[in-house]
Each structure stands twice: as C-alpha cells, then as structure tokens.
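Trainee: Sequence and predicted model, in that order:
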Amino acid sequence: MSPILNKASRTARIEDYALIGDLETAALVGKDGSVDWLCWPRFDSAACFAALLGDAENGRWLLAPSIPVRRTRRHYRKDTLILETEFETSEGSVTVTDFMPPREKHSDLVRLVHGNRGHVPMKMEFVLRFDYGKSIPWVTRLKSGSLRAIAGPNMTILRTPAPLRGEGMKTVAEFTVKAGETVPFALTYESSHLSLPKAIEPKVALRQTETFWRDWIRVCKYRGPWKDAVTRSLITLKALSYWPTGGIIAAPTTSLPEFPGGTRNWDYRFCWLRDASYTLQALMKAAFYEEAEDWRDWLLRAIAGSPEQVQIMYGLAGERDLPERELGWLAGYRNSRPVHAGNAAAKQLQLDVYGEVTNALYNAHCGGLRETHAEEDLQIALLDHLERIWRKPDNGIWEIRGPRRRFTYSKVMAWLAFDRAIKIAEQSDCNCPLDRWRSIREEIHKDVCEKGYDARLKSFVQYYGSKELDASLLMIAKVGFLPATDARVKGTVRAIERQLMQKGFVLRYRTERTEDGLPPGEGVFLACSFWLADNYLLMGKRAKAKRLFKKLLALQNEVGLLSEEYDPKEKRQLGNFPQAFSHIALINTAFDLSRRS
C-alpha cells in the first residue's frame, strides 16, 4: 500500500477529512476531493500509504473541478459509510461519491463523478506510491485501457472510461461532466504475484454497499435525542474493525500529532486492550452482540498464553511484535516529526489493562455472551499474576515514556480486576479463591485511599506522593471504586475543573509539569471530557452533564467524526483520526444521559 497525499494536506485541518473503509482497510478523503491516506491490504500493513504526512510526491489521488469552486458540501449517505462531496462552480455542480465495498476477495476504492447541473470540467491527478511514499511503482497500460501499478508485493489496477495520460511521474485525466452523466473510477488492490482481479461494476457495488451498512445499523436500539451522533459513532467503530479477526483498531492513521510541530506522534493502527471494556459496553448497549462477541473472542486469543507476557496492545490478528521505527523521509503533518510506524509502548508495563480486561469479561458475562472454561482459567491465571505485581510502579494509562510511577489510576484498575472477577464468581459456579481475592481487593482499596489521596488538595493525585492531577481519576466513580457522592470524589472533580480545564474541556494532565519523557504540549483529550460529563451525571448534575455533552458534540466535523484531541484556542482537531476512544466515550455518555432523562 502506499499513501496518496495531497500537497495541501500540510495545511489542511484534520477535520477536513472523512473516513471510508471496507472492514479490512480504510482511506481518508479530503474536503478538496483528494484521497490522502489509503492502507492496503491491512490497517497496520508496512506497505501503507503515508497519511497526511508529506506532499504530492508521497502520493495523492485528486478528483475535483479544474475551475474555481464556489462552495463545497459533503455528507455521508444516511446510515452508511458512503461519502458524497458536492462541488459548486460557475459552470454547474458535480457530486463525487467515494466508498469501499465491504471486502470479499479484493479491496476496491470506488469514486463516482456525477453531474448535477451544467457542464463542469474536471481533473484527476493520480500519484501512487508504496511503502509510506518511498517506493515508486512500475506503471503499465493494459489492453483494456486500465493502468496496472506494481512495486514488490503490491499491485493496483485503476479502471475508468476517462482518458488517462502520463505526465511526469503521475497519471492525469481531464474531462467534462454534464448534468445526468456519471464517470466512474475504481482502484483495486491485489498481491502482485496473483492474476489481475476482475473488474467490479461500480453502480452495483454502490447499491450493495448502501444495503450492507443500512442492514447493519438497523440492529441499533438507541432511540434517544442524539441518534445521529450515536449512529455515526457506531458506523465509525464498525469501519475500524477488521472482520477476519474481530479486532478493532484505535485509529486508522499514524503520527497525526497531539500538537502541530510537536513530537507526540504515535502509530494508532493497533488494538489496545484498554479499549476492550469500553468497546464492549458501547456495542452491547446498542445491541450489537455479534460484534461484541467477536471483539471479546479476539481479546481472549490475543492474551492467551503466559500472564507475564500480556501486552497493552496487539496487531489485528493478535500479533505481539510491533517494533517502532521512524520514517525519516517523511516531513510529518505540519512538520510534526518523527513519523512512526509501530509502537514501542507495546512493551510497557501498564497495570490498568488487567482491570480493563477483567471488566470486559464481566461486561460480556452480564451481557449474556457465551462463556468457556478456558476463559475462566485465563482469568484466574491473570489474577494470580496481578496479585504478585500490583504494587509495582508502571508506565500508566497514558504510556509515560519517563520514569515508572505508582499511578493511582493503575492501582484503582488493579482493584477493579479483583472486584469484577469476584462478581463473576459470585454469579456463577466458579472454583475460584474468593476469600483471597476479597482480601486483596480490600488491601488495594485501602492502599489507594491512603497513598493516592492528598488531604490538603482534597483530591486524588496522579501517582503516589505527587501533587499533580490526572484526568484518569475521573474513572474512580465510573468503575465504582467510590461513589460519586463521596467527598473525595467530589473534591477530585473540583480540582480537575480548576487545574485541568481549558475552555470547558479536559486535559489528560499538565505535560509541562509531568516528567513524561517528552517535550510539553498537547490538546484537550476528548474521551476525558466525556468522562467529566459522566461524573456530573453520577453526581446528579444532569443539566451540567448535558451542556458539556452538547459542547463536545459541537466539535465533530460536518460528517460527525472526532479525533483524539482538540485545540480549543485554534479550534481544530488534533491527534490520530478518527479516534475509536472518542467515539466509544460519546456512545456510552449518550446512552447514560438518555437513560436518566
């Protein structure tokens, strides 16, 4: 795979993009009609387009009017992942429809240019590069008029009736679309050692894709006031899933910065265990039990083996070796370097994942998902290991690359692991050491309350002995460690409001005051802001929770997508995009608010 990158992507905002995908890969389409990021054949493939990370030399597929555009409007076709972008010009208007049919044998990206009125001159510019923009393919024209591009193991076929010609190291086409006409383009990926894939019929594929998404979302049982936002978030989660294994990636991109020009640029094309619990919650609340079971089964396969070797993240099929390397030939989005492939945090110790995994199994148990003896044995083995290591310092939820600490959140989640295992055992015929688990649960609870709470600050703190705050402390009431009415929880929320709020949204922590191994600077964290709304709701402050929730919804781009972070000063989205964690938090908060209305 390779990137297709628009030169304008250096200045384009992250929210100028929309997502399309086929449940095995994904692409980002810019507001200007350029596909600037395309991963084939898998989200985490090393042969992947370099997303938003350079200029046109690193790849781009532009399809837009060749004359000035007066106005651009875009939207997803209702209840689908089919993107429609309308360009209005002085000569008329056209709609470019972008979609990827749910994958069967091959992966296809289809673009349909339809004339709405008048005569609109169009230009296509196709610059194909593989290996993150590094490899220029060998392009040949076939007898059918299609273009075949090959580099190493990768092959693509571009099929269109539009007149194609070579121009330097790119392919261009210039044509005019009249009202009522449709000009199709279909880009198909296949391994280069295989025979040419058969051509798809674009209009048939469009109907099938529309039917697929509408049939899928019809299962959703949410009927609250924020149905559009919940529907779009669920479709986004589905688009971030890898159907062969059931894994769900954190985001389809790498190295979109937490602050432009900074170094906090990470590869998110992997599956985090941390997301498992919250994803299961969201999917089961919306009645997507099949997807929830697939995700739970992926989780059990990924962590199978020795408890000492449990990682915080895995590849789409449960791969454990995710070496991090820098792609030094890429400039990075808005000169944010380094650009990464792989993620070294996979080798960190993060004690909270044991709590999140056990909570995921508890949610699956409460949701009625089938259970196995292997699941019970694995849970016992995990807790036996956690019993030995829970007192250790770790890297924490935010994957600190500085010194390990005894993070309060990590200890709370260690408590959660024992608490949820006890609850499962109490509801089933389990040969579990309940008395020992209850004793450890009580010991951890006492330890956190004594060492993780600062009486002078009247707040829990980031790590034992610290005076700093951390937005992860908002989970204390959400997981039931203490009730939201507890004075210590109330004090923590007030302290976070005073010290971690920017323009009404929540920072993870103060990067300028935390020794985390990186230069300071990042935006507010959207999932944490949803957690604050959840805390307000738990405290009985429903009106305040609703106001914050609506404020967060206003940060979605016009097609309903959210990234990881937001810059309230510049009013732009930051971080990898779209971000599963943000959309999961949106879904869970919407359900909770609707249930208590």
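Mentor: Received it, and whenever you're ready, just let me know what you need. Numbers count the residues shown, from 1 in each chain.
Trainee: Now do the helices in the chain.
Mentor: 202-217, 227-239, 274-285, 289-303, 352-366, 373-389, 408-426, 434-451, 475-478, 487-499, 526-538, 542-553, 580-595 (DSSP state H).
Trainee: Can you give me the buried ones in the last one?
Mentor: Okay, so that is helix 580-595. Neighbour counts using 16 or more other C-beta atoms under 10 Å place 580-593 of helix 580-595 among the buried residues. Using the backbone N, CA and C atoms, a C-beta is placed for each residue, glycine as well.
Trainee: average pLDDT for it?
Mentor: Average pLDDT, helix 580-595: 96.
Trainee: what's the angle between it and helix 274-285?
Mentor: If you take axes from the mean of the first three to the mean of the last three C-alpha atoms, to 10 degrees, helix 580-595 sits at 40 degrees to helix 274-285.
Trainee: Could you do the longest one as well?
Mentor: Counting by the same axes, to 10 degrees, helix 408-426 lies at 50 degrees to helix 274-285.
Trainee: so what does helix 408-426 touch, helix or strand wise?
Mentor: With contacts taken as 3 or more C-beta pairs under 8 Å, 6 or more residues apart in numbering; DSSP states H and E, helix 408-426 sits against helix 352-366, helix 373-389, helix 434-451, helix 475-478.
Trainee: Determine the set of other helices and strands touching the longest one.
Mentor: Secondary-structure packing of helix 434-451 (3+ C-beta pairs under 8 Å, 6+ apart): helix 373-389, helix 408-426.
Trainee: What separation is there between the residue lying farthest from the centre of the chain and Thr408?
Mentor: Most distant from the centre of the chain: Lys143, at 41.0 Å, with distances by C-alpha atoms, centre = their mean. Here the distance between Lys143 and Thr408 works out to 67 Å (C-beta to C-beta, to the nearest Å).
Trainee: Next, work out how far apart Arg547 and Gly92 are.
Mentor: 43 Å.
Trainee: just the helices and strands packed on helix 408-426: most buried one?
Mentor: Of all the helices and strands packed on helix 408-426, helix 352-366 carries the top mean neighbour count, a mean of 24, counting by mean count of other C-beta atoms under 10 Å.
Trainee: now the angle between helix 408-426 and that one, please.
Mentor: Using the same axes, to 10 degrees: helix 352-366 against helix 408-426 is 30 degrees.
Trainee: CA atoms only for helix 352-366, dumped as PDB, please.
Mentor: The C-alpha trace of helix 352-366 is given here as PDB (Å, rounded to 0.1, in the frame of the first residue of the first chain):
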ATOM      1  CA  ASP A 352      -4.600  -1.000  34.400                       C
ATOM      2  CA  VAL A 353      -5.000  -3.400  31.500                       C
ATOM      3  CA  TYR A 354      -5.700  -6.200  33.900                       C
ATOM      4  CA  GLY A 355      -8.600  -4.300  35.300                       C
ATOM      5  CA  GLU A 356      -9.900  -3.400  31.900                       C
ATOM      6  CA  VAL A 357      -9.600  -6.900  30.600                       C
ATOM      7  CA  THR A 358     -11.400  -8.400  33.600                       C
ATOM      8  CA  ASN A 359     -14.100  -5.600  33.300                       C
ATOM      9  CA  ALA A 360     -14.500  -6.500  29.600                       C
ATOM     10  CA  LEU A 361     -15.100 -10.200  30.600                       C
ATOM     11  CA  TYR A 362     -17.500  -9.000  33.300                       C
ATOM     12  CA  ASN A 363     -19.500  -6.900  30.800                       C
ATOM     13  CA  ALA A 364     -19.500  -9.900  28.400                       C
ATOM     14  CA  HIS A 365     -20.800 -12.100  31.300                       C
ATOM     15  CA  CYS A 366     -23.600  -9.600  32.200                       C
END
